[in-house]
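Q: Can you look at this prediction? I've put the sequence above it.
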Amino acid sequence: MAAAARVDGHDKVIATAQQIVKSLATSKHAAEDMIRILSGFDNRLSTMNDLFPSTDSGCNSPIAEGSDHREEALAGDPRLDDAEEVIRRWEISNSLIWEASTEEACEYLDAVDELVSLLESEPCSEDLRSRAEICLQISMARLEDEFRHLMVRNTVPLDADVLRSSIRRISGSFACGADETIEDFEGSADEEQQQEASPEERGGSSISDCRKIDLVLPEAVCDLKEIADRMVLAGYGREICQVYSSIRRDVLDEYLLILGYERMSIEEVQRIEWQTLNEKMKTWIQAMKIMVRVLLTEEKNLCEQIFASSVDLQEECFTNAAKGCIMQLLNFGDAISICQRSAEKLFRTLDMYEALDDVIPVFHSLISGDAHNLVCSEAEEIKKMLADAVRGIFMDFANAVQKEASRKPVQGGEIHPLSRYVMNYVKLLVDYSSSLNVLLDNEDFPEEGKGDDCTEEMTPLGRHLLLLLSYLETNLEQKSKNYEDGGLQFIFLMNNILYIVQKIKDSELLKFVGDDWVRKRRGQVRQHATSYLRASWTKVLSYLKDDGLGGSGSFNSSLKIVIKERFKSFNLGFEELYRNQTAWKVSDPQLREELRISISEKIIPAYRAFFGRFGSQLEGGRNVAKYVKYTPEELENYLSDFFEGLPGPLNHPKRKLNSHYSLSYQRSPICR
């Protein structure tokens with residue numbers, strides 16, 4: 001029973017297919033096409049060829065007998081016959097036309113042109129039209145395959161290193177600024193050890209200066225255009241657009257990988273550690289610039305060349321191919337804009353802001369239609385969010401400087417890590433002055449920042465820099481109080497204020513804060529120097545006063561005791577200062593020398609007068625060397641050790657005394 005049912009079903013299928021062919025086919029060619037199509041579904045239907053006997057007269061229709069109209073139709077059209085012969089010859093071939101020869105490709109395109117022309121001509125019988133349409137469908141499928149193979153085979157592979165080096169050679173637009181690592185407050189490296197990127201290295205020349213990059217071999221573009229022209233003319237523009245977009249979308253995604261960019265979710269971006277994220281941000285900046293200003297610009301040119309016959313298809317193909325990689329890049333920018341803020345992210349976020357600001361005009365010129373609103377509005381919104389992030393990070397940084405509360409004194413009153421950190425940081429801000437002046441223009445400015453140094457003529461960045469520096473100065477003033485020694489407090493302040501002044505004078509920061517600000521801080525350094533002398537040397541100098549010691553006549557024993565005590569107290573005071581202040585460090589050589597000279601001008605004349613007047617009164621007595629230890633010249637030489645930051649065991653004058661002086665008379669060194 002089952003076998004009988006299968007036979008009965010088979011007969012019904014054959015009978016139905018025969019009826020379809022007889023009803024629709026008006027020529028043998030059309031019938032053969034129908035049989036071929038049906039055979040693709042079931043090979044049992046191929047036996048229907050027997051229904052259509054061949055004729056010696058070249059008659060093409062098996063059902064035209066007895067009809068004058070049918071006989072006229074069977075006469076055919078030589079152009080259609082020739083075109084059909086070319087199309088069918090390649091239909092049964094597994095070879096690619098454009099791999100055969102140029103002549104074969106031209107012949108095939110001519111055949112397609114004939115079919116299109118015949119279908120567009122006014123008198124055209126139904127049988128001719130049917131044959132032409134079926135033949136055209138076959139040719140369109142073939143051209144679609146040929147287009148796909150040509151596009152894939154002739155896509156130029158991109159090497160990331162070659163691409164970057166060729167672009168860097170012609171334009172610095174893709175170098176990233178602020179490559180320096182900003183360390184934490186306590187461990188910031190000195191700026192002299194950092195490699196700062198100049199504005200030229202960060203960019204400036206137009207990317208349009210970069211040489212043209214071929215995405216598809218030029219010799220293939222012409223062939224692709226010829227195929228696209230025929231398919232558009234035949235009404236198959238949508239199909240060829242889908243093929244193009246699918247291929248190029250995958251290629252552009254691959255370009256992103258070649259440039260080192262990998263898709264990341266918002267959650268992944270927020271979890272990643274800073275060192276890795278920093279590299280990801282650098283890669284994004286480069287990928288965004290290269291992708292938009294070079295690769296997508298060339299992609300647009302490629303679309304315009306291949307689909308020159310249809311502006312609508314140019315836009316549709318480019319949008320469909322490019323939108324995916326653009327949104328990938330924008331999504332990363334979105335993730336960064338909502339990341340947790342921290343000071344070290346400021347410069348890389350600024351780089352991303354500037355990169356996006358740079359390519360948004362290119363988006364406007366490249367993308368049109370509905371996609372234009374989607375992409376450009378998304379890019380503008382992310383740019384705004386990055387701008388908000390920059391402003392937030394900057395103000396958070398200023399507040400962190402104001403509130404940084406480390407209390408451990410720096411050894412020897414040297415430059416505090418906070419000073420190094422902040423000045424390294426603000427020096428990098430200069431390279432972003434154009435962007436920061438825009439971003440900080442409407443930012444609410446704290447009232448405490450509107451001091452005497454701030455003027456209406458200053459730029460927004462200049463006003464915020466003064467605010468930041470005022471926070472730093474206030475903090476340093478507080479940190480100076482961590483030193484118990486009053487003199488060391490002023491050494492610390494001198495070191496740090498002068499360091500700040502020098503960093504400003506030696507950079508573009510000067511034009512933002514102004515000469516008056518620098519002059520006032522130099523005045524502060526002089527005031528602190530005076531305060532240092534008073535705090536450190538007033539007591540020692542008091543021992544050299546002659547009040548209460550009488551005239552120059554003979555001295556009684558009680559007066560000599562007083563003189564001995566004065567010498568002894570001076571020696572002890574000087575030795576204590578020597579032990580302490582040779583370990584103190586004044587970093588700037590000129591300030592160090594000026595302080596030594598100031599000390600010498602106060603101490604040496606007073607000691608010389610006291611030594612000359614009273615030293616001789618002790619000669620001949622017992623243990624004179626115990627009290628009169630130093631000549632004025634020796635004291636002056638000892639002063640050359642001050643502020644050198646000498647290690648504890650070495651800052652002992654015995655070393656200097658033994659190595660530099662050979663004294664014939666017995667005298668105890670300082671701190672014997």
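A: Perfect, thanks for sending it.
Q: how about residue 131, phi and psi?
A: Comment: the main-chain dihedrals of residue 131 come out as phi -60, psi -40, following degrees, to the nearest 10.
Q: Surely it is in contact with residue 80?
A: Yes: Residue 131 is in contact with residue 80 according to Cβ atoms under 8 Å; the separation is 6.2 Å. Backbone N, C-alpha and C define where each C-beta goes, glycine included.
Q: Comparing those two, which shows the higher neighbour count?
A: When residue 131 and residue 80 are compared on other Cβ atoms under 10 Å, the one with more neighbours turns out to be residue 131, at 27 against 22.
Q: what's the biggest helix by length in the chain packed up against?
A: When the chain is parsed with DSSP state H, its longest helix is helix 369-403. Where contact means 3 or more Cβ pairs under 8 Å, 6 or more residues apart in numbering; DSSP states H and E, helix 369-403 is packed against helix 311-337, helix 346-366, helix 417-429, helix 433-439, helix 460-480.
Q: For residue 520, find the nearest of the ones you listed.
A: For residue 520, the closest of those is helix 460-480, at 10.7 Å, according to Cβ to Cβ.
Q: give me the low-pLDDT residue ranges for the stretch 201-350 of the chain?
A: Within the stretch 201-350 of the chain, the set of residues satisfying pLDDT under 70 comprises 201-211.
Q: so for the longest helix of the chain, what's the average pLDDT?
A: Here helix 369-403 scores 94 as its mean pLDDT.
Q: That helix versus helix 346-366: what angle between them?
A: Using axes from the mean of the first three to the mean of the last three Cα atoms, to 10 degrees, the interaxial angle of helix 369-403 with respect to helix 346-366 works out to 160 degrees.
Q: surely residue 398 meets residue 470?
A: No: distance between residue 398 and residue 470: 9.6 Å, which falls outside the contact criterion (Cβ under 8 Å).
Q: Show me which of those two is the more surrounded one.
A: residue 398 (22 against 19).
Q: Could you break the protein into its assigned domains?
A: 1-75, 77-154, 160-395, 411-530, 543-660 (automatic domain parsing).
Q: End to end on the fourth one, go ahead and measure it.
A: With Cα to Cα, to the nearest Å as the measure, domain 411-530 spans 22 Å from end to end.
Q: Report all helices and strands that the strand or helix carrying residue 130 contacts.
A: Here residue 130 sits within helix 126-154, counting by DSSP states H and E. Secondary structure elements in contact with helix 126-154, counted by 3+ Cβ pairs under 8 Å, 6+ apart, are helix 28-41, helix 68-74, helix 78-91, helix 97-100, helix 102-120, helix 218-233, helix 237-258.
Q: Could you give me the buried positions within it?
A: Neighbour counts using 16 or more other Cβ atoms under 10 Å place 127-128, 130-132, 134-136, 138-140, 142-144, 146-148, 150-151, 154 of helix 126-154 among the buried residues.
Q: on that earlier part again, select, out of the domains of the chain, the one closest to residue 402.
A: In terms of Cβ to Cβ, the element of the domains of the chain nearest to residue 402 is domain 411-530, at 3.9 Å.
Q: what about that closest one, average pLDDT?
A: The pLDDT scores in domain 411-530 average 90.
Q: next one: stretch 547-567
A: Per-residue pLDDT over stretch 547-567 has a mean of 73.
Q: Stretch 126-146 now?
A: For stretch 126-146, the mean per-residue pLDDT is 91.
Q: How far off centre is it?
A: The chain centroid and the centroid of stretch 126-146 are separated by 52 Å under Cα atoms, centre = their mean, to the nearest Å.
Q: cool, stretch 315-326 as well?
A: Remark: stretch 315-326 is offset 24 Å from the chain centroid, using Cα atoms, centre = their mean.
Q: Can you pull out the residues in contact with it?
A: The set of residues that contact stretch 315-326 without belonging to it, under Cβ atoms under 8 Å, 6 or more residues apart in numbering, is 241, 244-245, 248-249, 252-253, 255-256, 291-292, 296, 299-300, 303, 306-307, 363, 366-369, 371, 374-375.
Q: buried stuff in that stretch?
A: With burial defined by 16+ other Cβ under 10 Å, the residues of stretch 315-326 counted as buried are 315, 316, 317, 318, 319, 320, 321, 322, 323, 325, 326.
Q: ok, now stretch 85-105?
A: Under 16+ other Cβ under 10 Å, the buried positions of stretch 85-105 are 86, 87, 88, 90, 96, 97, 98, 104, 105.
Q: shouldn't residue 410 be in contact with residue 416?
A: Yes: Residue 410 sits in contact with residue 416 when judged by Cβ under 8 Å, with a separation of 5.3 Å.
Q: Neighbour count for the two, which is higher?
A: Shown here are residue 410 and residue 416; by other Cβ under 10 Å, residue 416 has more neighbours (25 against 19).
Q: In ChimeraX, select just the buried ones from the contacts of stretch 315-326.
A: Applied in ChimeraX, the following selects the buried portion of the contacts of stretch 315-326 according to 16+ other Cβ under 10 Å:
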select :241,244,245,248,249,252,253,255,256,291,292,296,299,300,303,306,307,363,366,367,368,371,375
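Q: what's the farthest-apart pair in the buried residues of stretch 85-105?
A: Every pair in the buried residues of stretch 85-105 was compared (Cβ to Cβ); the two farthest apart turn out to be 88 and 98, at 18.4 Å.
Q: can you tell me which of the buried residues of stretch 85-105 lies nearest to residue 610?
A: Each of those was scored against residue 610 by Cβ to Cβ, and residue 98 proved nearest at 107.1 Å.
Q: Could you measure from the residue lying closest to that closest one once chain neighbours are set aside over to residue 218?
A: Sequence neighbours aside, residue 105 is the residue nearest to residue 98 in space, at 5.2 Å (criterion: Cβ to Cβ, 6 or more residues apart in numbering). For residue 105, the distance to residue 218 equals 17 Å [Cβ to Cβ, to the nearest Å].
Q: ok, now residue 286?
A: Applying Cβ to Cβ, the value for residue 286 to residue 218 is 27 Å.
Q: and the gap between residue 305 and residue 322?
A: Where residue 322 is concerned, residue 305 sits at a distance of 16 Å (Cβ to Cβ).
Q: I'd assumed residue 546 was in contact with residue 610.
A: Yes: counting by Cβ under 8 Å, residue 610 does reach residue 546; the two are 7.0 Å apart.
Q: ok, those two, which is more surrounded?
A: The neighbour count for residue 610 versus residue 546, taken as other Cβ under 10 Å, is higher for residue 610 (21 against 15).
Q: which SS state does the more buried one fall under?
A: helix (DSSP: H, G, I helix; E, B strand; the rest coil).
Q: check contacts around the nearest residue to it once chain neighbours are set aside.
A: Here the nearest residue to residue 610 in space, its sequence neighbours aside, is residue 544; by Cβ to Cβ, 6+ apart that works out to 4.3 Å. For residue 544, the residues meeting the contact criterion (Cβ under 8 Å, 6+ apart) are 566, 570, 606, 607, 609, 610.
Q: Narrow those residues to those that are buried.
A: In the contacts of residue 544, the ones that pass as buried (16+ other Cβ under 10 Å) are 566, 570, 606, 607, 610.
Q: residues contacting the fourth one?
A: If I follow you right, that is residue 607. By Cβ under 8 Å, 6+ apart, the neighbours of residue 607 are 544, 570, 632, 635.
Q: Assign the last one to helix, strand or coil.
A: Applying three-state DSSP to residue 635 yields a three-state assignment of helix.
Q: pLDDT wise, what is it at?
A: In the predicted model, residue 635 carries a pLDDT score of 94.
Q: The third one now?
A: Residue 632 is assigned 93 on the pLDDT scale.
Q: Past the strand or helix carrying residue 496, which element shows up next along the chain?
A: According to DSSP H and E, residue 496 maps onto helix 486-505. Moving toward the C-terminus from helix 486-505, the first helix or strand encountered (DSSP H and E) is helix 510-513.
Q: Give the burial count for the residue lying closest to residue 159 once chain neighbours are set aside, as a bare number.
A: With Cβ to Cβ, 6+ apart as the measure, residue 258 is the residue that lies nearest to residue 159, at 7.5 Å, once sequence neighbours are left out. Counted with other Cβ under 10 Å, residues neighbouring residue 258 total 16.
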